[in-house]
Structure formats: structure tokens, C-alpha cells
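[1] Sharing a sequence plus its predicted fold:
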Amino acid sequence: MHSRLVRVLGSEQLRPIRKHLIAMIVYAVLQGVAFALLVPVLSALLDGDTGRAGAWLGLLAAVTAAAGAAYYVQALLGFTTAVSTTGLLYHRLGERLGRLGVGWFSRARLGPLTRLATGGVGEVTQLFAHLLAPLVISVVSPLTVLVVMVFLDWRLAAAMAATGPLLFLAYRWSASAISRTDAVVDASMARANDRIFEFARAQPVIRAFGRGDTRNDLLDQELERQHDIGLARLRRASLARGAFGATVQLVVTALLALATALAIGGSVGAAELIALAVLLVRFSEPVGALSDAGGALRAVWNRLDQLDEIFRTPPLPEPDEPLRPADATVELSDVRFRYPDSPGTGPVLDGVGALLPANTMTALVGPSGSGKTTVTRLIARFWDVDGGSVRIGGADVRDMDATTLAAQVAMVFQDVYLFEGTIEDNVRVGRPDATPEELADAARLARVDEIVERLPDGWNTAVGEGGTALSGGERQRISLARALLKRAPVLILDEATSALDPVNEMAISDTLRALAGRCTLLVIAHRLPTVVAADRILVLDGGKVAESGTHEDLLAEDGIYRHFWEERSRVQGWRLRSGAGA
Ligand SMILES: Nc1ncnc2c1ncn2[C@@H]1O[C@H](COP(=O)(O)OP(=O)(O)OP(=O)(O)O)[C@@H](O)[C@H]1O
Ligand SMILES: [Mg+2]
């Protein structure tokens, strides 16, 4: 548990936690002593010895005041620890996620990760703010009472200690019964959450295809199941809690009976008996609270476990002696790769070799699913290759540190993603310290200037979550401006113009031509003008580079590219130029 906390929170955070723990223990011991002091106070009062009673009462008042002060200190420490833990945990989680390979973020992981980040961190924080104190107090206070009891009446102390194992076993049983139902409820809750999320996200598809009923049914079923599970849990948990409470009461009654028997036998005075009765009732209260605090604690433990799993996942290995690329050449040699999530299928890339000379433009074409996007992901090292190598400027991408590699490559993704914020924020992600001139330059090249002039808020237009407030073509142009502003030596565009109208597309094609010679350009495109403008064209098929050469070279071969070209020309209503078939 200790090592888990260190991994999740870092060793530095242990110090405030330890301080908080010590303050709680001090408070609990003082509280236990205050309970125990009731015995001499009451027995003096019943003896009619007001002087002695006054003295004990004075001590009781002093201990109670000290306990009050200790309570204040521990509450304050608990609160500050909780606040600092929240910040720290988000920070560490973010930093850790940033170092994991992009491949880790599969769809199957995003749901649990979202739940962990939104709810889980808060739950762990609760541990310090609310949970730990009652737990520590309900164990330490009775123990203190027990120690004091040894001095008051060793027989009762021995009887109390003897009930310890019984209480412990009853606690274990009730806690495990509660936690078993908790796990089932957790899982059902997660499923219902996912269904609601999916239901909301799929609304356009559901409406367009008139499948509202069936999808609603799925959600209803899950909610109904959740309701049943919730009821069953309530029944079971109440039973377990009740059983534990009854055990505690039973123990208290037995101890009281023993004390009464001793009193009748004359070895315990009436005053002591009353005081002991008060003490036992006080003793039972915090112990009874254990089962609630324990259940909540286990939920936190589970969250810590899930967080720990992230912290235990090794990040992409970083080189001991990082290399720097000599230039902007990109070379793939005999690259083999398959996605770890789909081990059943064959490799996506099976011996891909390609050389992209520095400051040239290469177009990558091939059927859908042939692995074009995958090639770009391997160049940016979102995944590591299974075989062969990817080199930039002679250095294997695995031998560069993450920052160096990130500085080499700028990308426009096939699925454009914009961050919540303004258009300017989104373009500046490429290079936060860019001057206004550089920003304007990138905007002009990517035709974002036209968007900014047209929208009333200009650069300050909010793009909405994921960029939903803009059209597909606008999003594409903004993400292109972002990549251009970065001025990385290697620029990769994955279908970056697919959503553009012909006017904007022509303008971007001009931009690309202007860029050639300034950076190494890898362009994935279905559109002809972009492909034709490339220095070299690679045709990906069957996990390999099936054809490569200039547009003219490839048209001369009667292969995939020529078919691709003829299909495209037909679709776009363009004529093959004379000599194209030569
Ligand atoms: N994250 C992933 N996990 C598992 N398999 C994937 C993943 N991404 C892609 N694939 C699979 O790898 C293969 C190649 O996909 P890729 O996206 O590279 O194709 P593409 O050539 O870019 O296709 P398109 O022209 O449609 O964009 C496909 O069969 C696809 O199903
Ligand atoms: Mg693709």
C-alpha cells in the first residue's frame, strides 16, 4: 500500500500525509483519554468527594481542550492535504499520460480513464478530507480506552481485549460483503454511463437512420439492471451493516453484564460501574462507525489501484544517449507493424521501405485501409515498429528523446481535432511564442485569413469543444495553419484538404508547392492536383510499397496508380491528358 501511494502521489506528498496522520492519532488518543477520565470523575462525584471530583474535572477539561485543538489541527491538515493532493494528482496524471505511447490510448481505455479523471481523483482526495479521520479515530480511541482500562480494572480490560478478535472477524465479514456488492454496482454504473455517453454522441446517426427505439431500449435495459443491482446491494449492505452493529452491541452487553457481576460480587464499586457503562457505550460508537468508513476506504483503494495501473505502465522507452537528426530526410526500412489491439489480424505494414529525401514532396496513395495513416503514426512514433526502423536525418526515432522528435514533425491529422478555445489558441498550439507576423503568415498560407475576416469575432472566435462550432473545411484549414506555424523540418498532411471546396483546395495546393524545398513534405491525398505536384509518389498496397516514382513513371506502368488515376479522373470529370497512357 505504501509503495502504491508513493507511485501514485510521489514520495514528496508522503510528508504532509504523515503529518496529518500523526495529528489524527494525537487527537484520537486525547479523545480516548478524555473518555477514560470520566471514570475517576464519576466515581469521585458518587463518593461525594467534590474536591477530588473537581481536580479530575479540571484535568478532563484540559484534555478535552487539547483534544479540541488537536481536532482543529488535524482537520486543517486534512483539508490542505486534500487540496494539494488534488492538484498534484491531476498534474502527475497529466504528466504521466503525456509520456505514454499514443498507442496506449485505445478506445477501450478512454472510458475508464475519463471516469478516473473526473470522479476517481476526487474520491482519492476524499480520503484525506473526510475518510481517514473517522477510521483512525474509531481504532485508536477504543485502544486508548483499553490501555487506560488496564489501570482501572485489569479483568474488564482483559475481557475487552478478548472481544477484539470477534469484532475484527465480524468487521471483515461485513466489509467484504459490502465491497462485493460495491464492485457489481460500480461495473453496472460504468456500463450505464458509457451507454448514455454513446447514446448522446450517436444522436445524429440514430436520427438519420431512425433507430431511436432500439438504442433507447439498450439504455433502458442497463438502467433497469442498475436499479435491480442497487436494490440488491442495499439489502445486502444493510444486512451486513446490521450484523456488525448487532455484534458490537452484543459485545457491549456482555461486557456490561460482566461489570455488573463484578459489582454484585463487590470487587467493583457502584460509581465505577456507572462510569464503565458510560465508557462502554462511548467505546461502541466509534467501533460501530468502522464498517461505513471501511467501505468508503475500500472504494478509494480500488481507485488508487486503477491510478496505480497507469503509473506502473512503462512509458515508451527513452534512449540513454539521445541522437539528433542530421537533416530532414525520412527513411523507412523494412518496416513491419501490427496494432497491438487487433492481434488476430495480419500485419498492417509488412516490409515497407521508403526514402523521403530532405526538402522534397512525397505523396502517399493507396486504397482505404492500406496503412497510409499508420505510416504517419510510425514516423511520429505514436507506436514503435515491430520490425525494421524509421529514421529521421539518419537517427532512429527510438534513439531521439521525445522533445527532439516532437520538434521534427508537424502533422495535420485525418481526424482534425481542435481544442476548446479560440481560433488563435488553436493555431498557436503549433508555436506558442510565434510573433503576430508569423501567425498572419501561417494563416495566409492555410487560408485561415479568409475565415478570420469573415467571422465577427475574428481570431477570438470560440471553436467549441473539439471544434464543433466550425465547418469541416474550416477545421482543416485551422489545423493546417497550426502545423505550418510550427515550421518543423518534416510536415505530414493526412487528407488535409479532403473537406475543402475547389477554390480553397487550389490555394492550399499552391501553398504546398511553395513549401516544397523548405521542408520534407509527406502528403496523403485522394485528390489529383496535390498528388501530381509531388516529386515522388508512393503507392501502398498489401502492407508494402507496391509502386513508386514520379507521376509520369507510374502512369507508364499499368499498375495500381494508373487505375487510381483513371478512376479519379473519371469521378472528377477530368480528362486524361494526352500522353498520359504512354
Ligand atoms: N488504432 C487502431 N487499432 C487497431 N487497428 C487499426 C487502428 N488504426 C487503424 N487500424 C487498422 O489498420 C489498417 C490500416 O489503417 P490506416 O488508418 O493506416 O489506413 P489508411 O490507409 O489510412 O486508410 P484511409 O484511406 O481510409 O484513411 C486498417 O485495417 C485499420 O482497420
Ligand atoms: Mg488514413
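    Now that the structure is in, tell me what you want to look at. Ligands and ions are numbered 1, 2, ... in the order given.
[2] so what's Val330 bridging to?
    Beta-bridge pairing for Val330 (DSSP bridges): Leu356, Ile392.
[3] if I look at it, how far off is ligand 1?
    In this view, Val330 and ligand 1 are 17 Å apart by C-beta to the nearest ligand atom, to the nearest Å. All C-beta atoms are positioned from the backbone trio N, CA, C, and that covers glycine.
[4] Also Arg398?
    From Arg398 to ligand 1 the distance is 20 Å (C-beta to the nearest ligand atom).
[5] So that residue: helix, strand or coil?
    helix (DSSP: H, G, I helix; E, B strand; the rest coil).
[6] Grab the nearest non-local neighbour of it.
    Asp384 (6.3 Å; C-beta to C-beta, 6 or more residues apart in numbering).
[7] Kindly report the same for Gln306.
    Leu116 (5.6 Å).
[8] Contact partners for the one you found?
    Listed by C-beta atoms under 8 Å, 6 or more residues apart in numbering, the contact set of Leu116 reads 303, 306-307, 310.
[9] ok, and the most crowded of the residues you listed?
    Leu307 (23 neighbours; other C-beta atoms under 10 Å).
[10] State the helix or strand in which it lies.
    helix 270-312 (DSSP states H and E).
[11] Quick one: mean pLDDT over that helix.
    Taken as a whole, helix 270-312 has a mean pLDDT of 77.
[12] what does this structure put close to ligand 2?
    373, 414 (C-beta under 5 Å from the ion).
[13] From the centroid of the chain, which residue is nearest?
    Nearest residue to the geometric centre of the chain (C-alpha atoms, centre = their mean): Leu113, 3.8 Å.
[14] Please list all residues in contact with whichever residue of the stretch 51-200 of the chain sits closest to ligand 1.
    Residue of the stretch 51-200 of the chain nearest ligand 1, by C-beta to the nearest ligand atom: Ser106 (6.7 Å). Residues near Ser106 by C-beta under 8 Å, 6+ apart: Asp341.
[15] what's the answer for Gly430, then?
    410, 442, 481-486.
[16] and if we set it to 7 Å?
    By C-beta atoms under 7 Å, 6 or more residues apart in numbering, the contact list for Gly430 reads 410, 482-483, 485-486.
[17] shaky segments in the stretch 51-200 of the chain?
    107-108 (pLDDT under 70).
[18] can you give me the helices in it?
    107-115, 121-126, 132-152, 154-201 (DSSP state H, counting those that start in this stretch).
[19] neighbours of the nearest residue to Ala462 once chain neighbours are set aside, just the number please.
    In space, and not counting its chain neighbours, Ala462 is closest to Thr422: 5.9 Å by C-beta to C-beta, 6+ apart. Using other C-beta under 10 Å, the number of residues around Thr422 comes to 16.
[20] check contacts around the residue lying closest to Asn460 once chain neighbours are set aside.
    Leaving aside its chain neighbours, Asn460 sits nearest to Thr422 (4.9 Å; criterion: C-beta to C-beta, 6+ apart). Shown in contact with Thr422 (C-beta under 7 Å, 6+ apart): 459-463.
[21] of these, closest to ligand 1?
    Nearest to ligand 1 out of the contacts of Thr422 is Val463 (C-beta to the nearest ligand atom; 23.6 Å).
[22] got the contact list for that closest one?
    418, 421-423, 426, 469-470.
[23] quick one, phi/psi of the residue nearest to Asn460?
    Main-chain torsions, Thr422, degrees, to the nearest 10: phi -90, psi 170.
[24] Relative to ligand 1, how far out is it?
    Thr422 is 29 Å from ligand 1, by C-beta to the nearest ligand atom.
[25] and if you look at Leu355?
    Taking C-beta to the nearest ligand atom, one finds Leu355 at 20 Å from ligand 1.
[26] What sits closest to that residue if chain neighbours are left out?
    Glu331 (5.1 Å).
[27] For Ala62, see how far away the one you found is.
    80 Å (C-beta to C-beta, to the nearest Å).
[28] more crowded one of these two?
    Per other C-beta under 10 Å, whichever of Glu331 and Ala62 has more neighbours is Glu331, with 18 against 12.
[29] Am I right that the more buried one is in contact with Gly393?
    No - counting by C-beta atoms under 7 Å, Glu331 stays clear of Gly393, with 9.1 Å between them.
[30] mind listing the strands for the chain?
    Remark: strands assigned in the chain by DSSP state E are 330-337, 349-356, 361-365, 387-392, 395-396, 409-412, 490-494, 520-524, 536-541, 544-549.
[31] Next, the contact list for Arg52, please.
    Here Arg52 is in contact with Ala44 (C-beta under 7 Å, 6+ apart).
[32] By proximity to ligand 2, which residue of the stretch 1-150 of the chain wins?
    Ligand 2 sits closest to Val102 of the stretch 1-150 of the chain, with a gap of 15.1 Å, by C-beta to the ion.
[33] Identify the residue nearest Ala177 in space, chain neighbours excluded?
    Ala177 sits nearest to Ala240 (C-beta to C-beta, 6+ apart), 4.0 Å away.
[34] cool, Phe413 as well?
    Asp494 (5.8 Å).
[35] Quickly list what that neighbour is bridged to.
    Legend: beta-bridge partners of Asp494 under DSSP bridges are Ile524.
[36] what's the neighbour count on it?
    Other residues close to Asp494 by other C-beta under 10 Å number 21.
[37] again, but for Tyr90
    12.
[38] Report the contact partners of the spatially closest residue to it that is not a sequence neighbour.
    Counting by C-beta to C-beta, 6+ apart, Tyr90 lies nearest to Val121, which is 6.2 Å off, once chain neighbours are set aside. Counting by C-beta under 7 Å, 6+ apart, Val121 touches 86, 89-90.
[39] And Val121, how close does it get to Leu273?
    Distance from Val121 to Leu273, by C-beta to C-beta: 51 Å.
[40] And for Ala496?
    87 Å.
[41] And the two? Which one has more around it.
    Legend: neighbour count by other C-beta under 10 Å for Ala496 and Leu273, higher for Ala496 (27 against 19).
[42] Am I right that the more buried one is in contact with Arg477?
    No - taking C-beta under 7 Å as the definition, Ala496 is not a contact partner of Arg477, at 8.8 Å.
[43] Need the overlap of contacts for the two.
    Common neighbours of Ala496 and Arg477 (C-beta under 7 Å, 6+ apart) do not exist.
[44] Now do the same contact list for the residue lying closest to Glu547 once chain neighbours are set aside.
    Of all residues not flanking Glu547 in the chain, Val539 sits nearest, at 4.1 Å (C-beta to C-beta, 6+ apart). For Val539, the contact set (C-beta under 7 Å, 6+ apart) comprises 365-366, 545-548, 560-561.
[45] Swap in 6 Å and give it another go.
    365-366, 546-547, 560-561 (C-beta atoms under 6 Å, 6 or more residues apart in numbering).
[46] Stretch 362-382 spans what distance, first to last residue?
    The first and last residues of stretch 362-382 sit 21 Å apart, counting by C-alpha to C-alpha, to the nearest Å.
[47] touching ligand 1 at all, it?
    Yes - looking at stretch 362-382 against ligand 1 by C-beta under 6 Å from any ligand atom, the contacts come from 366, 368-374.
[48] Neighbour count and pLDDT for those - can I get that in a markdown table?
    What follows is the residues of stretch 362-382 next to ligand 1, written out as a markdown table (neighbours: other C-beta atoms under 10 Å; pLDDT from 0 to 100):
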| residue | neighbour count | pLDDT |
| --- | --- | --- |
| Gly366 | 21 | 89 |
| Ser368 | 7 | 87 |
| Gly369 | 9 | 88 |
| Ser370 | 21 | 90 |
| Gly371 | 24 | 91 |
| Lys372 | 20 | 92 |
| Thr373 | 19 | 92 |
| Thr374 | 21 | 93 |
